[in-house]
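Novice: Just need the structure, nothing else, for what follows:
(2 chains)
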Protein chains: 2
Amino acid sequence: METIRRTKIADALSSTHFGTDINVKGWVRTHRSSKVVDFIALNDGSTINNIQIVVDPTKFADELLKQITTGACIGVTGKLVESQGQGQASEIQCEDIVVYGECGSDYPMQKKGQSFEYMRQHAHLRLRTNTFGAVMRIRHNMAIAIHQYFHEHGFFYFHTPLITASDAEGAGEMFQVTTKNLYDLKKDEEGKIIYTDDFFGKMTSLTVSGQLEGELGATALGQIYTFGPTFRAENSNTPRHLAEFWMIEPEVAFIDLNDLMDLEEDFIKYCVRWALEHCKDDLEFLNKMIDKTLIARLEGVVNENFVRLSYTEGIKILEEAVAKGRKFEFPISWGADLASEHERYLVEEHFKKPVIMTDYPKEIKAFYMKLNDDGKTVQGTDVLFPQIGEIIGGSIREENYDKLVAQIEERHIPMKDMWWYLDTRRYGSCPHGGFGLGFERLILFVTGMQNIRDVIPFPRTPKSAEF
Amino acid sequence: METIRRTKIADALSSTHFGTDINVKGWVRTHRSSKVVDFIALNDGSTINNIQIVVDPTKFADELLKQITTGACIGVTGKLVESQGQGQASEIQCEDIVVYGECGSDYPMQKKGQSFEYMRQHAHLRLRTNTFGAVMRIRHNMAIAIHQYFHEHGFFYFHTPLITASDAEGAGEMFQVTTKNLYDLKKDEEGKIIYTDDFFGKMTSLTVSGQLEGELGATALGQIYTFGPTFRAENSNTPRHLAEFWMIEPEVAFIDLNDLMDLEEDFIKYCVRWALEHCKDDLEFLNKMIDKTLIARLEGVVNENFVRLSYTEGIKILEEAVAKGRKFEFPISWGADLASEHERYLVEEHFKKPVIMTDYPKEIKAFYMKLNDDGKTVQGTDVLFPQIGEIIGGSIREENYDKLVAQIEERHIPMKDMWWYLDTRRYGSCPHGGFGLGFERLILFVTGMQNIRDVIPFPRTPKSAEF
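Specialist: A predicted model of the protein is given here:
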């Protein structure tokens, strides 16, 4: 009976070749029995929708039917017919069943409605549930949209290294990477650990950003993007932090602040539009089960023109709100970094649309951002989103060698590690800029999920590196 | 004059809008001067081809023209005209020049014909050369082809973790990842270092493969692929080894050995065909400068049907060759692992086409490969390529819980770390398989480059983590 090639359930459900025999394989979601008919809901991960298998129990051995429990893996051959029930277009009248793998009643995904915390403890099996299947298919689609966007726009995918000997921008705590024997750490006369015998001959860590190497790519290939894992060893046990996450960092030669804002807006709308067009079933499920305003919010982002305003204008609006009695947890005045509550006030309450904020005080931004003529502000540009706050952080880079070195010295960044970065300003320097997008932040926004640990297959967080 | 939007040089070269004013920006490759005319070859990374800027030196200040040296970054506005010279379709009659960044005579990429070793020491600037520009554009295209192939075929991109607490298959030496203070390592009574206070609460390393987590994805979503960095802390200073490299690992539920071989062959032909179709200029350059048989070899792979034979048949052919006087460095007989020389003999001399070899002795393959009925061989499948040897290693996985546990015990793999992997066989186990492709191996093959350090932007090798 196994001679018919398997059809994916996504294809079987959209097929109208009624009357033909097909074969499907997957995992049993539910099995309802009665004397006259059994219904098996089968899912193979290709779609959130199950196909209904209609079984005449008199044609199959009781022992076989008993093996068909939630979580079991089976193959079914039968006739594709128009569905009698609601919702589905097609179902299968079962002619043959093969059980590949049984599933006992101790199956951790047996019961519906388990908590997300419970799911995280069974992250290896939660992938088989509706919610996590939907999230992972959307995650895939967002990655594809990102590659597609940049490829179509002439960017080159550029792999920056993860193991690094330089703490580039001091953006965060780093993980040390070593092959040293920790039981026999040789030290020099001053008691410092010697790294000449470590794998790379010096102390190395996991990167916090590929931007600086990305700039090397952009100042040679014109426009590049990175898309890879990034690490922060911060002991932050929050729904917004991961120790290992994926980041996208495009970098573009010959771009100015206006074009950079256009790129940011166009890029993120492309991704959200892709989700609306390619992930309809999964989004409808999440809209129903997780967040009833999800699809409306996504459509809002696609249809709105983002507000563009300077940090200085933003502060004015916030100060006016405070004057009118709006309470914030953190005080806000010119020079201070915006907290998430301030960003969300601007986006969700004041403008009611996404905001691109620019020209921040140089003190609250990184050393590499291009100084404005006022000498006080830099050409940074953050995109602020409803629910999420900052989803993109970018800037035009300081391309003037002397000004860049001045900033490096002002901030006491170790110069020795930066020689290769400075070379881009020493030899044929060019105006350029770029931005960074935390991939999981985007997935949170597009799925409506609330905890970043639930939008990556196997989250790495303090005290947790399971699976 | 800066009001005309920049045109990429790739687009300018293929444009036939002769007579219109355009603006291009890029880095000067060469500047030849004479009394009547200056020629500037300008490149912006969008293509290997330079656009020729024709300058009337009487119209520009001498000082400006002196700034236009190899490596300098300039913008040029002028009229696009049909080229008078050979090779190029169009050139620009210069009307205005802006110098963005000068470039002194100490520019490390000044001279042509520097050694690859020299280039590696200046990896941050080698990207601006023809060879490395070509390699990086091809690398980009191969990544896009891979995502495109899997997306079109219904695979989901699945991000497996890089920081891991389990030495999955014991595939190689690992880098330790830690936030511990190495100056104050607490130990227990037996003198063992305590890891409860490390970031993840236990000892962690960088992964050597995402396959085991990939299997979790495939047994939920049906078919997935990984594409991410992978690490080996092996002290191998060879042209074939990197400490940090990118790997692609698709994993498919409900696949058998024949379908897996079909997938391997179809996938790799798709990638090579993509290169031939999308990277014509870069391949022609490399074919001319690096390897004159490159394009012919790529076309060979696309047009040939791969030979499929068992390990046992392969050994017979090799033994017959030895009997006829063919010398190999390493002896070969049934049970031994094939060396690269054996693989290349089969591919380059005996069959003269790519070979997919299957059914290896279980002793020389990993624990997770499905045991054949003979009890001696496993359903492994390696794809062997000219020049490269093994380019893909795959297998059908053992889906039977008892057989898998027997192999784990026979090989003394710590069971405790594997509970989540075994759960896939405990709950709704399904037949499945997959393969791994070292991305840089593919880039070596497609570019004709000889050293793996030259097909990744910033190679990580023993004693070297620069940039």
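
Novice: contacts and neighbour counts: CA atoms only from here.
Specialist: Fine.

Novice: what residues does the stretch 251-400 of chain A put near chain B?
Specialist: Proximity of the stretch 251-400 of chain A to chain B, by Cα under 8 Å from any Cα of the partner chain, involves residues A:Phe254.

Novice: Only C-alpha atoms, please: export stretch A:122-135 in PDB.
Specialist: In PDB, the C-alpha atoms belonging to stretch A:122-135 read as follows (Å, rounded to 0.1, in the frame of the first residue of the first chain):
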ATOM      1  CA  HIS A 122       9.500  20.800  27.000                       C
ATOM      2  CA  ALA A 123      10.800  23.000  24.200                       C
ATOM      3  CA  HIS A 124      11.900  19.900  22.200                       C
ATOM      4  CA  LEU A 125       8.200  18.900  22.000                       C
ATOM      5  CA  ARG A 126       6.400  22.200  22.100                       C
ATOM      6  CA  LEU A 127       7.300  22.500  18.400                       C
ATOM      7  CA  ARG A 128       4.500  20.000  17.700                       C
ATOM      8  CA  THR A 129       1.800  22.200  19.100                       C
ATOM      9  CA  ASN A 130      -0.300  24.600  17.100                       C
ATOM     10  CA  THR A 131       1.100  27.800  18.700                       C
ATOM     11  CA  PHE A 132       4.700  26.900  18.300                       C
ATOM     12  CA  GLY A 133       4.200  25.500  14.900                       C
ATOM     13  CA  ALA A 134       2.700  28.800  13.900                       C
ATOM     14  CA  VAL A 135       5.400  30.800  15.500                       C
END
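
Novice: Quick check: chain neighbours aside, which residue is closest to A:Glu363?
Specialist: A:Gly335 (7.7 Å; Cα to Cα, 6 or more residues apart in numbering or on different chains).

Novice: Give me the spatial nearest neighbour of the residue in chain A sticking out farthest from the centre, chain neighbours excluded.
Specialist: Most distant from the centre of chain A: A:Thr58, at 48.7 Å, with distances by Cα atoms, centre = their mean. Spatially, and ignoring its direct neighbours in sequence, A:Thr58 is nearest to A:Val36 (7.9 Å; Cα to Cα, 6+ apart).

Novice: Tell me, how many residues neighbour the closest residue to chain B within the stretch 201-350 of chain A?
Specialist: Closest to chain B within the stretch 201-350 of chain A is A:Leu221: 3.8 Å, counting by Cα to the nearest Cα. By other Cα atoms under 10 Å in any protein chain shown, the residues close to A:Leu221 number 29.

Novice: show me the contacts for it.
Specialist: Taking Cα atoms under 8 Å, 6 or more residues apart in numbering or on different chains, we find A:Leu221 in contact with A:Phe156, B:Asp44, B:Gly45, B:Ser46, B:Leu127, B:Arg128, B:Gly133.

Novice: before we move on, back to that, in contact with the residue nearest to A:Thr58, which residues?
Specialist: A:Asp56, A:Pro57, A:Thr58.

Novice: again with A:Gln387
Specialist: By Cα under 8 Å, 6+ apart, the residues touching A:Gln387 are A:Arg344, A:Glu348, A:Phe445.

Novice: Can you lay out those as TSV showing neighbour count, secondary structure and pLDDT?
Specialist: Output for the contacts of A:Gln387, formatted as TSV (neighbours: other Cα atoms under 10 Å in any protein chain shown; DSSP: H, G, I helix; E, B strand; the rest coil; pLDDT from 0 to 100):
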residue	neighbour count	secondary structure	pLDDT
A:Arg344	23	helix	94
A:Glu348	19	helix	95
A:Phe445	19	helix	97
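
Novice: Assign a three-state SS to the nearest residue to A:Phe435 once chain neighbours are set aside, would you?
Specialist: Nearest non-adjacent residue to A:Phe435, counting by Cα to Cα, 6+ apart: A:Gly394, 3.6 Å away. Under DSSP: H, G, I helix; E, B strand; the rest coil, A:Gly394 falls in the strand class.

Novice: Low-confidence regions, the stretch 151-300 of chain A specifically.
Specialist: The stretch 151-300 of chain A contains residues with pLDDT under 70 at A:167-172.

Novice: make it 90
Specialist: For the stretch 151-300 of chain A, the stretches flagged by pLDDT under 90 are A:166-173.

Novice: how far away is the residue nearest to A:Thr58 from A:Arg426?
Specialist: 81 Å (Cα to Cα, to the nearest Å).

Novice: before we move on, what about A:Thr293?
Specialist: Noted for A:Thr293: a distance of 51 Å to A:Arg426, by Cα to Cα.

Novice: which of those two has more neighbours?
Specialist: Taking neighbours as other Cα under 10 Å, A:Thr293 and A:Arg426 compare with A:Arg426 leading, 20 against 12.

Novice: which ones are touching that one?
Specialist: So A:Arg426 contacts A:Tyr401, B:Gly101, B:Glu102, B:Cys103 (Cα under 8 Å, 6+ apart).
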